[in-house]
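Participant: pasting the sequence and the predicted model now:
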Amino acid sequence: MSFYVTTPIFYVNAQPHLGHAYTTIIADTISRFKILSGEKVRFQTGTDEHGDKIAEAASKAGETPQEYVDRISDLFREAWPPLSIRPDRFIRTTDPAHIRTVQEILQKVHAQGDIYFSEYSGLYCKGCERFLTEKELVDGNCPDHLTPPSPITEQNYFFRMSKYQTWLIDHIQANPDFITPERYRNEVLSFLKEPLEDLCISRPTSRLTWGIPLPFDDKFVTYVWFDALINYLTGLGYPDGADFAEFWSGAEHVIAKDILKPHAIYWPTILRSLGLPPFRRLHVHGYWNINDTKMSKSLGNVVRPAELVEKFGADATRYFLLREMTFGLDSSFSYEALLTRQNTDLANDLGNLFSRSLTMVNNFCAGRVPQPGEPETADSEMRAAALAMLVEYREQMENFAFSRALQAVWKVIGLANKYIVTNAPWELAKLPEKQERLATVLYTLLETLRLITLTMHPIMPETAGKMSGSLGLSGNGDLRSQGEWGLITPGSAINLGPPLFPRLDHKKPNQPAPPPTAKKEKKTTRTQDKPGSAAAPDQGLISFEQFQQLDLRVAEIVAAEKVAKSDRLLKLTVKAPGERTIVAGIAEHYQPEDLVGRQVIIVANLKPAKLMGITSQGMVLAAKEGDRLVVTGLSGPVTPGSKVA
Ligand code: MSP
């Protein structure tokens, strides 16, 4: 099967913003999903560069139209890679190949009698670049631009769109998913209940010169919508290109509701006149508002894709947009909402599941995929849920129901987190007779994670790559061959990486969150925590004697629990060789159960200090990398209490 997905080509009178990014992320996601499903894919986006609006914007900017469109088109082209969007083709309507294709098509449609010359009086909206009907106006204004259209009378060329009205109605009725979601299909059908007018497809050069000259009359340029829609054919090399022959039958366009009419009415009738089959499906999404207000330059609330990437990264931005908007309906964007999803869905749910599962495989199975034994009911249920997730995910993705597809995945993430708690692998690890059971539980978790990873390739490509790497998998995933249970190989190595997602601070989204109780805890922090305060080193160096004052020991963690009312502290009971309590500030980096059984290095002769009412007798050494803490370990087992020097 071949699949061709397009975004609208964006007007270069504005810089890329959240709305453009959303449509383009949708197209990228579906293109990656189809590749994951084994289909051959072409994905095209680009810029729409002719017409009144662009000519006006260029003159305002004090540039020639060509200089201006070159500059803004580059901003669009450069906006996509940082969001992990990778189109196969970025098309511009000023490309010579496109100009040629538009002129060839005009010639063809004209030659067969579907274009005629006539005088027309109508109400023209510059913002929409089209004539509006009386019926479309709200209080005499264009409903989208809230400005009154101007009455214009002029001679122009017209496309016989009315000739194809009956065919179009029949086609929409015979193909229920030609326009989706259904509300937009109904909107188009209801519009088609009225007689369709012919479409004015030219502008006199006396009024506008920035356009493609009509091949049969050089006193006119092509109407920008007739020019723009044809980009979908140019990009495939119409009429003779191999891509056109292979991909046109799989054409699916993604747009927002603002440009429904040109795509659902003008475009299929132009294709019909050309003798071409219509596109396969038109997917129409709603509008992103900002905190429930329309996004607009004058309100100063335009959200730029680069800002989102800088604050949250490509993957969290993609996840949020896909999860938050029900495809077809309007949605409200806020930084708060994005931050909450980053911290809960990504860092807490997915990130924790992943790191605690891999940490346990690391600690209890020497970092290798264990050989599972006979599954018990809980394991079979987990397996059934993971496989059902895959079925649901595929179905929803096919229907552009991205939010539902993600809900299906997160349901299984929740189940897997519960499965860990119920089956308590850290308890099983303590009992020699439970080793096979432990292996089955961890294997079940790894398989669940492998299937979750598969679903994430189209959504969060970078994270899916990291997850695959940690699970020891290669390649970009394949739903056809890897969507079954039991494919991760026992004995293969896993690689415990850094956390997948940082928790972000609500005040400064691009900063890691300080522990909410940090201030309180600071008061009780021991002074010895500040290295160097006692040693007063010379140029940062200490003597051997000074080093010898430190009593470093191997300690084995025998119990670990969270300290009540603290997000940062864990109470550890360690053997070194006698048992002692150490309070460590590592709760944001480790689950208590992941630590039990580990051997760490401690400072054993630190003056006891009280932290949150608990006396801490020593300090666990940990490496600090940015906001990450990794406790020290040893390359082999050592008798607890052994001296480290
Ligand atoms: N140039 C025409 C399209 C020609 S396609 C043959 C055009 N360009 S546009 O720059 O105005 O882009 C409109 C599209 O941008 C919408 O259909 C949608 O894809 C995206 N969005 C612009 N603002 C948006 C929101 N606020 N929310 C969601 N998407 C929006 O129309």
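Facilitator: Yep, that arrived. Numbering: from 1, shown residues only.

Participant: residues contacting residue 80?
Facilitator: Contacts for residue 80 (CB atoms under 8 Å, 6 or more residues apart in numbering) come out as 24, 28, 45, 86-87. Using the backbone N, CA and C atoms, a C-beta is placed for each residue, glycine as well.

Participant: burial check on residue 297, number of neighbours?
Facilitator: Neighbour count of residue 297, defined by other CB atoms under 10 Å: 10.

Participant: filter the contacts of residue 80 down to the buried ones, PyMOL style.
Facilitator: Selecting only the buried entries of the contacts of residue 80 in PyMOL, with 16 or more other CB atoms under 10 Å as the criterion:
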select buried, resi 24+28+45+87
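
Participant: okay, and the helix or strand of the chain with the least pLDDT?
Facilitator: helix 518-523 (a mean of 32; mean pLDDT, DSSP states H and E).

Participant: in what helix or strand does the closest residue to residue 136 other than its chain neighbours lie?
Facilitator: The shortest distance from residue 136 to any non-neighbouring residue, by CB to CB, 6 or more residues apart in numbering, is to residue 143 (6.6 Å). Using DSSP states H and E, residue 143 falls within no helix or strand.

Participant: residue 137 is in contact with residue 143, correct?
Facilitator: Yes - with contact defined as CB atoms under 8 Å, residue 143 counts as touching residue 137 (7.3 Å).

Participant: quick one, phi/psi of the residue nearest to residue 136?
Facilitator: Taking degrees, to the nearest 10, you get phi -70, psi -20 for the backbone angles of residue 143.

Participant: could you check the pLDDT of it?
Facilitator: The score at residue 143 is 89. That number is its pLDDT.

Participant: same check on the one 10 residues further on?
Facilitator: For residue 153, the pLDDT comes out at 91.

Participant: quick one: contacts for the residue of the chain found nearest the ligand?
Facilitator: Closest approach between the chain and the ligand, counting by CB to the nearest ligand atom: residue 19, at 2.2 Å. By CB under 8 Å, 6+ apart, residue 19 lies in contact with 256, 287-288, 295.

Participant: the ligand contacts on the stretch 1-150 of the chain?
Facilitator: 8-11, 19-20, 22-23, 48 (CB under 6 Å from any ligand atom).

Participant: so of those, which two are at opposite extremes in space?
Facilitator: By the measure CB to CB, 22 and 48 form the most distant pair in those, at 17.5 Å.

Participant: mind listing what's buried along stretch 122-130?
Facilitator: In terms of neighbour count (16+ other CB under 10 Å), stretch 122-130 has its buried residues at 122-125, 128-130.

Participant: quick one: least confident of these?
Facilitator: Out of the buried residues of stretch 122-130, that is residue 129, at 79.

Participant: what's that one sitting at in phi/psi?
Facilitator: phi 60, psi 40.

Participant: for the residue nearest to residue 325 when sequence neighbours are not counted, name its beta-bridge partners.
Facilitator: Nearest residue to residue 325, sequence neighbours excluded (CB to CB, 6+ apart): residue 331, at 4.0 Å. Legend: beta-bridge partners of residue 331 under DSSP bridges are residue 288.

Participant: wait, doesn't residue 331 sit right on residue 324?
Facilitator: Yes - the pair residue 331 and residue 324 qualifies as a contact (CB under 8 Å) at a distance of 5.8 Å.

Participant: what does this structure put close to the ligand?
Facilitator: The chain comes close to the ligand at residues 8-11, 19-20, 22-23, 48, 228-229, 231, 255-256, 258-259, 287-288, 295, as judged by CB under 6 Å from any ligand atom.

Participant: ok, of the residues you listed, which come out buried?
Facilitator: The neighbour count (16+ other CB under 10 Å) marks 8-11, 19-20, 22-23, 48, 228-229, 231, 255-256, 259, 287-288, 295 as buried among those.

Participant: in strands, which of these appear?
Facilitator: The members of those that map onto strands under DSSP state E are 8-11, 48, 255-256, 288.

Participant: want to throw those into TSV with pLDDT?
Facilitator: Shown next, in TSV, are these (pLDDT from 0 to 100):
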residue	pLDDT
8	98
9	98
10	98
11	96
48	98
255	98
256	98
288	97
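
Participant: quick check: phi and psi on residue 285?
Facilitator: With angles defined as degrees, to the nearest 10, residue 285 sits at phi -110, psi 170.

Participant: in the protein, where is pLDDT below threshold?
Facilitator: Applying pLDDT under 70 to the chain flags the ranges 506-546, 548, 626-627.

Participant: ok, now which ones touch residue 102?
Facilitator: When contacts are counted by CB under 8 Å, 6+ apart, residue 102 is found next to 212, 222, 226-227, 230, 234.

Participant: which one among those gets closest to residue 242?
Facilitator: residue 234 (14.5 Å).

Participant: quick one: the closest one and residue 316, what's the gap?
Facilitator: 35 Å (CB to CB, to the nearest Å).

Participant: the most centrally placed residue in the chain sits in which helix or strand?
Facilitator: Geometric centre of the chain, nearest residue: residue 318, 1.8 Å, by CA atoms, centre = their mean. Following DSSP H and E, one finds residue 318 within helix 305-324.

Participant: show me what that helix is packed up against.
Facilitator: Packing partners of helix 305-324 (3 or more CB pairs under 8 Å, 6 or more residues apart in numbering; DSSP states H and E): helix 18-36, helix 335-341, helix 402-423, helix 461-470.

Participant: for those, which one ends up most surrounded?
Facilitator: Most buried of the helices and strands packed on helix 305-324 by mean neighbour count (mean count of other CB atoms under 10 Å) is helix 18-36; its value is a mean of 23.

Participant: tell me the angle of that helix relative to helix 402-423?
Facilitator: 70 degrees (axes from the mean of the first three to the mean of the last three CA atoms, to 10 degrees).

Participant: that older thread, burial count for the residue nearest to residue 325?
Facilitator: What residue 331 shows, counting by other CB under 10 Å, is a neighbour count of 18.

Participant: that one: what's it in contact with?
Facilitator: Contacts for residue 331 (CB under 8 Å, 6+ apart) come out as 286-289, 324-325.

Participant: again, but for residue 485
Facilitator: Residues in contact with residue 485, defined by CB under 8 Å, 6+ apart, are 383, 386-387, 447, 451.

Participant: same thing but 10 Å
Facilitator: 383-384, 386-387, 390, 444, 447-448, 450-451 (CB atoms under 10 Å, 6 or more residues apart in numbering).

Participant: next: residue 591.
Facilitator: 352, 355-356, 359-360, 420, 426, 560, 562, 570.
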